[in-house]
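**Student:** Build me a model from this:
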Amino acid sequence: MNTDEMIQMNNQLREKLTPKNREYYEKMLLYLRSSPVPQHQTEELLLEWLEHLLEAEKQGKTALEVFGPDPQEYCEEVVEAMPERGWASLGKEILFIAWLGLTWTFLVHGVLGITFQLVGEWWEIPFREGYGPDQLSLLFVVQILWLFFFIQWVFHHFRKTAFSEEEKDVRQNLKLGFISAIGLGLVWLLEFWLDRWLSLPTIPLSPVMSIILWAVFYSVYRLWIRKLDF
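**Tutor:** Next comes the predicted model:
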């Protein structure tokens, strides 16, 4: 059974839990999925826990009786006992994030390029010298790096708040959104500074070609990249 199949089975079986047991289990699920454990092993373990909990429910037991009163300590001990991710797993994660970043870079560049070309028929849009809507700045490298570190930070945030009583509180969501917005704003400022004062090289790429590349990259993502186990 591959990872996608295990995730789908987990989603289906989870609905059979009682509301209280499901809430308990889903906190453990959130913690484990955001931990630095290989994805396939994570889903195998989560499915094993779920099946064990469903069997316990038939005997009238609760998740508290099965896993104990401190699910966070239980999960931390399990994660510490599991093998750390190897270089192959890290490489797959980097490939996944880089591919996803390139996919949306091509889409944004294509849509904005076509929009600028259409709007340019009515009024002139100021671009820096040597740059236009038919060129792609190498700043997308900065965007992909930011995406990688942002995802790692989100995982860290989920692990930290998975068992918090306020995990679903509006304040937690606002805090996550506020920090994300600040991070994105700082990246935009950095990109503006780099592009304005350093005049980074550009790649000749028409908006139409960007859309075509987006379609190709998105198709490969759907067929292969999203199924990578890391």
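**Student:** worst-scoring helix or strand of the chain, pLDDT-wise?
**Tutor:** helix 170-193 (a mean of 65; mean pLDDT, DSSP states H and E).
**Student:** partners of the helix or strand just after that helix, with directions?
**Tutor:** Note on helix 170-193: by DSSP states H and E, the next helix or strand toward the C-terminus is strand 202-204. In the sheet, strand 202-204 lines up against strand 135-137 (antiparallel) (DSSP bridges).
**Student:** ok, the residue nearest the centre of the chain to Phe158 distance?
**Tutor:** For the chain, Ile151 is the residue whose C-alpha lies nearest the centre (Cα atoms, centre = their mean; 5.3 Å). Separation of Ile151 from Phe158 (Cβ to Cβ, to the nearest Å) stands at 11 Å. Bear in mind the C-beta positions are built from the backbone N, C-alpha and C, glycine included.
**Student:** pLDDT of the longest helix along the chain, averaged?
**Tutor:** Across the chain, the longest stretch assigned as helix under DSSP state H is helix 87-119. Averaging pLDDT along helix 87-119 gives 86.
**Student:** Can you spell out which helices and strands pack onto it?
**Tutor:** helix 140-161, helix 207-223 (3 or more Cβ pairs under 8 Å, 6 or more residues apart in numbering; DSSP states H and E).
**Student:** got the buried residues for the last one?
**Tutor:** By neighbour count on 16 or more other Cβ atoms under 10 Å, the buried set for helix 207-223 is Pro207, Met209, Ser210, Ile211, Leu213, Trp214, Phe217, Tyr218, Tyr221.
**Student:** got it, and stretch 87-95?
**Tutor:** Ser89, Lys92, Glu93.
**Student:** Redo those as TSV? Include distance to Ala63.
**Tutor:** Shown next, in TSV, are the buried residues of stretch 87-95 (distance: Cβ to Cβ, whole Å):
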residue	distance to Ala63
Ser89	29
Lys92	32
Glu93	30
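**Student:** just for the chain, where's the confidence low?
**Tutor:** For the chain, applying pLDDT under 70 flags the ranges 120-133, 165-181, 183-200.
**Student:** Mind splitting it into its structural domains?
**Tutor:** Per automatic domain parsing, the structural domains of the chain span 3-81, 87-227.
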